[in-house]
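> Just to be clear, the model below is a prediction. Sequence and coordinates:
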Amino acid sequence: MRIKKIFFLFISVTFLFSLTSCSDSPSDIGSDLLNIDMINVKKLDSSLDSIPQSSNSIKRIVPHGTSPRLLLGKKNNYTAYTLISFTFTLPDSIKNAIKNDSLEVIDTKGQMNVDYLFGDKNAPFDFSIFEIESFWNSATFTADSFASLSYSQLDLKPNPAEDKDSVINFSISNTIVNNWLKNEVYTSLARNRGVLLSPKSNTDKILGFIAFDPEASKDVKIDVIVRKPGAYIDTLLAYVLSDVSVVVGDNQIDSNYIIVQSSLAYNGVLSFDLSSLTRGTIVNFAQLTLTVDTLASKFGDNYFNELRAYIITSSDSLEINESSFYPLRRVGDKFIGDVSGMVRYWISNNPNYGMLIKPGNEILGLDKFMIKSSSYPVYSDRPKIEIIYTKKN
Amino acid sequence: MINKILLFISLTVTLLNAQSSSPYSRYGIGDLKYSFSTRYQGLGQLGVSLQDKYHISTINPAAWSNFDRTKIEFALSYNGVIIDGSNDKIYSAETEIEGVNFGFPISTDLGIGFAAGLIPFSRVSYQSRQNFSNPDSLIYNYDLIFEGKGGLSKIFLGSSVKILSDWSVGATFDYYFGNFKYLSAISFNNQTNFASEYNLVYRPTGFGTTIGILSPDLNNFIGIENLSNLNFGASINYFSKFKTDSVVTSISSVLLDTIAQFSDYMELPTKFNVGLSFIISQRYLFTFDYSAQNFSEFKLFSKSSDNLQNSYKISTGFEYQAVNELSTKFWERVLWRLGLSYEKTPYKFSGIGINQYSIFGGLSIPLNPDNLIDVSVQYSTRGTKEKNLLKEDFFRLNLSLVFNELWFLRFDK
């Protein structure tokens, strides 16, 4: 019992000691004596520290099957084509009529809702419709695939397209629509591989249309008016089964610019020699600044005004991790973004193959960002990386 | 059970305490701990020649030959320091558990005593924070933080024996282990920049020994009246090379990177201690001690430090007991102590050695004839404000609990 009391007293005093241990906030007193562990905050500025850098533009093939927008038209060196296949939901009475070959298509009224304009609004716009003869798949169809696409040379659109502000009206050959109806009942009766919408030579703008969207129902549609002689006249709806657009064309490469363009699709490759940042360096912050030439750049009437930087993980194929990107926001004529993680990646013993600069959305328009490159004559307008880092002495 | 809970709470709170700050402790192995026992603290921290049947001397194992009881000693200390720089002054404090020792006699006739314990050997503790402003908007303002903590600890076990003419010798087998953590960090005052942290950690481990000798009462040969317990003592503290693992890591955001990792040796210089003590009129104990360690020979990874010098400590102590421990009056059984010491610390900066002057006081409060609570206070001042150095004033309160029991002892029927 006595020992317990003593022990309790000892513990109590210990506790009291503990509670009375207090300190002023640490100050800089004695810091001069601790220079042995000194660390310094430094800044590496590519525009001041003469860090070697290089840049170029590359054209990549990007599938557009998932794009919410279809492009069609022609502007400068770019030609946008759209491939669409339609389908129907038919009642049994119509199906029976088709089987009996007693249904005839008497008219068609197609409608496309415009949601994007690249070029002058008042510029001419028209297109042809050709029947596609070869198989295509919207998920994998690209500009490269277009060269081998087989289609009939017979224009199935008898009348010029009607360009009404935000809607394009068109008609299409009754014959082909009739074939689609037959195909809907028996695939052996007729073929339905869709149609190619190809801009006519006088077209001087590219329009964007709402692509297949079962929710919004503003995608391309065709009202088909059918008649069973002596019985009825009915209107059927041909709606999109599958669609994709491709843009064919090239840009004149100018070494003073990095071309970053959606859909076509041009990307920039940019690299800085950061070998001066050795292992053990802690990157506190890194900022990339790109200067855009606003006169040389071309944009549609609405576009995603953002660029994205990706770490290139393989030099051969310019492989990137699509889900990991560094957004570069527009500020005046600059695109600025935090690329700290990217720099940290490079100085952590990973190879520095540079970064890939892509548009904020590369399947949505034709917007072309002309970024002043690593060889741009005005040094201060070249791509700039600023790295705040800490280094132990 | 309640005791265990209280002990746990106490230890937890202790571990959470603020660090005491002495930037000098960044060098060498930090501030040296000379003595564990609060009694020895009160006598100027050494007491090499003391014959002590109540306490366990950790400086001279030969003193264990006087054990007549099993003893357990717990100690803790409260350390406060006022650091005075050129432009500023701060106070910081912390509480430390100083360790635990136990010992028992194996043969009182042969002077064979055994003791073991876990005690701190040195201590590193400092914190500093400097604020910098930078006109660059990407850097802005930031704090540079230095922090050090850790130290070297010792587990020992050893024995004593009486040899010819009642001279006692003792030796311990010591195992040293430590953890020295030196942090340098940058913390930015904006939301965008990630903080930086560099951690340098040394983990030395190694063996050593303390060998001591203690004379019998030399007054038996001299025969001076009213003089007793004239003892001479000496000990040597030898260290093997301590294998030391070193790791340097950098931490930023989620990245922990081991920048360097290597192993080599820490070489601690041998420590020598000598002392003389005597009692006058059965009441007045005087001690005179000297301890030296050539820290200029200290090497870490084969490198010596320009900031270390040979150190020594001279101390003297006085203890008074009104009557003796068998008195029925409480205050007549209390032992009062006073100590003084001068220490040339191992630290040296810009050619200026850091010297420390200390005054000690203490008392032993008997709980019963066998058990004591020892209390000591210490005031020390060291350093200078010259050349941007620091003047430090320490206030230290030590408390230990000493149990002397008849455990483990066999008596002839």
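Great, that's in hand.

> and residue A:121, what is it in contact with?
A:205, A:301 (Cβ atoms under 8 Å, 6 or more residues apart in numbering or on different chains). All C-beta spots, glycine's among them, are computed from the backbone N, C-alpha and C.

> how about it, secondary structure?
Three-state call for residue A:121 (DSSP: H, G, I helix; E, B strand; the rest coil): coil.

> Report the separation between it and chain B.
Residue A:121 sits 41 Å away from chain B, going by Cβ to the nearest Cβ, to the nearest Å.

> for residue A:343, same thing?
Applying Cβ to the nearest Cβ, the value for residue A:343 to chain B is 11 Å.

> Tell me the spacing between that residue and residue A:46.
Separation of residue A:343 from residue A:46 (Cβ to Cβ, to the nearest Å): 11 Å.

> Between the two, which contacts overlap?
In terms of Cβ under 8 Å, 6+ apart, residue A:343 and residue A:46 are both contacted by the residues residue A:385.

> When the two are compared, which one has more neighbours?
Counted by other Cβ atoms under 10 Å in any protein chain shown, residue A:343 and residue A:46 do not tie: residue A:343 has more neighbours, with 25 against 21.

> From residue A:388, how far out is the residue of chain B most remote from its centre?
Ranked by distance from the centre of chain B (Cα atoms, centre = their mean), the top residue is residue B:137, with 48.0 Å. Residue B:137 is 10 Å from residue A:388, where distance means Cβ to Cβ.

> how about whatever helix or strand residue B:339 lives in, does it reach chain A?
Following DSSP states H and E, one finds residue B:339 within strand B:335-349. Yes. Using Cβ under 8 Å from any Cβ of the partner chain, we find that strand B:335-349 touches chain A at residue B:349.

> do stretch B:202-217 as well
No. Stretch B:202-217 is not in contact with chain A by Cβ under 8 Å from any Cβ; minimum separation 12.5 Å.

> returning to what we had before: which other helices and strands does the strand holding residue B:339 contact?
Where contact means 3 or more Cβ pairs under 8 Å, 6 or more residues apart in numbering or on different chains; DSSP states H and E, strand B:335-349 is packed against strand B:31-32, helix B:38-42, strand B:310-321, strand B:352-366, strand B:372-383.

> and the shortest one, average pLDDT?
Strand B:31-32 comes out with an average pLDDT of 92.

> Check which helices and strands it sits against.
Packed against strand B:31-32 by the contact rule (3+ Cβ pairs under 8 Å, 6+ apart) you find strand B:122-133, strand B:335-349.

> which of these has the lowest average pLDDT?
Minimum mean pLDDT among the helices and strands packed on strand B:31-32: strand B:122-133, a mean of 90.

> Show me what from the stretch 301-413 of chain B comes close to chain A.
Checking the stretch 301-413 of chain B against chain A by Cβ under 8 Å from any Cβ, the hits are B:349, B:367, B:368, B:371, B:373, B:388, B:389, B:390, B:397, B:399, B:401, B:403.

> The first one: how many residues sit nearby?
Read that as residue B:349. Using other Cβ under 10 Å, residue B:349 has 21 neighbouring residues.

> Spit out the contact partners of residue 178.
Since you didn't name a chain, this refers to chain A. Residues in contact with residue A:178 (Cβ under 8 Å, 6+ apart) are A:104, A:105, A:190.

> please go with chain B instead
Neighbour list for residue B:178: B:29, B:121, B:122, B:150, B:151, B:152, B:153, B:202, B:203, B:204, B:205, B:242 [criterion: Cβ under 8 Å, 6+ apart].

> Please pick the buried ones from the residues you listed.
B:29, B:121, B:122, B:150, B:151, B:152, B:153, B:202, B:203, B:204, B:242 (16 or more other Cβ atoms under 10 Å in any protein chain shown).

> Can you lay out those residues as CSV showing distance to residue B:109?
Below are these laid out as CSV (distance: Cβ to Cβ, whole Å):
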residue, distance to residue B:109
B:29, 40
B:121, 33
B:122, 38
B:150, 44
B:151, 39
B:152, 37
B:153, 34
B:202, 46
B:203, 44
B:204, 40
B:242, 38
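
> Out of these, list just those in strands.
Counting by DSSP state E, these place B:122, B:150, B:151, B:152, B:153, B:202, B:203, B:204, B:242 in strands.

> wait, isn't residue A:393 in contact with residue A:280?
No. Residue A:393 is beyond contact range of residue A:280, at 10.8 Å (criterion: Cβ atoms under 8 Å).

> Between the two, point out the one with more neighbours.
residue A:280 (17 against 10).

> Which residue is the nearest non-sequential neighbour of the more buried one?
With sequence-adjacent residues excluded and distances taken as Cβ to Cβ, 6 or more residues apart in numbering or on different chains, residue A:280 is closest to residue B:259, at 4.2 Å.

> Contact partners for the one you found?
Neighbouring residues of residue B:259 by Cβ under 8 Å, 6+ apart: A:279, A:280, B:198, B:248, B:249, B:250.

> For the fifth one, report the pLDDT, please.
In this case it means residue B:249. Here, the pLDDT recorded for residue B:249 equals 90.

> For the residue nearest to it when sequence neighbours are not counted, give me the pLDDT.
With sequence-adjacent residues excluded and distances taken as Cβ to Cβ, 6+ apart, residue B:249 is closest to residue B:199, at 4.8 Å. At residue B:199, the predicted lDDT confidence score is 94.

> ok, how many other residues are close to residue B:199?
The local packing of residue B:199 (other Cβ under 10 Å) involves 19 other residues.

> try the one 10 residues further on
By the criterion of other Cβ under 10 Å, residue B:209 has 16 neighbours.

> so the helix or strand hosting it versus strand B:122-133, what angle?
Under the criterion of DSSP H and E, residue B:209 resides in strand B:196-214. Interaxial angle of strand B:196-214 relative to strand B:122-133 (axes from the mean of the first three to the mean of the last three Cα atoms, to 10 degrees): 160 degrees.
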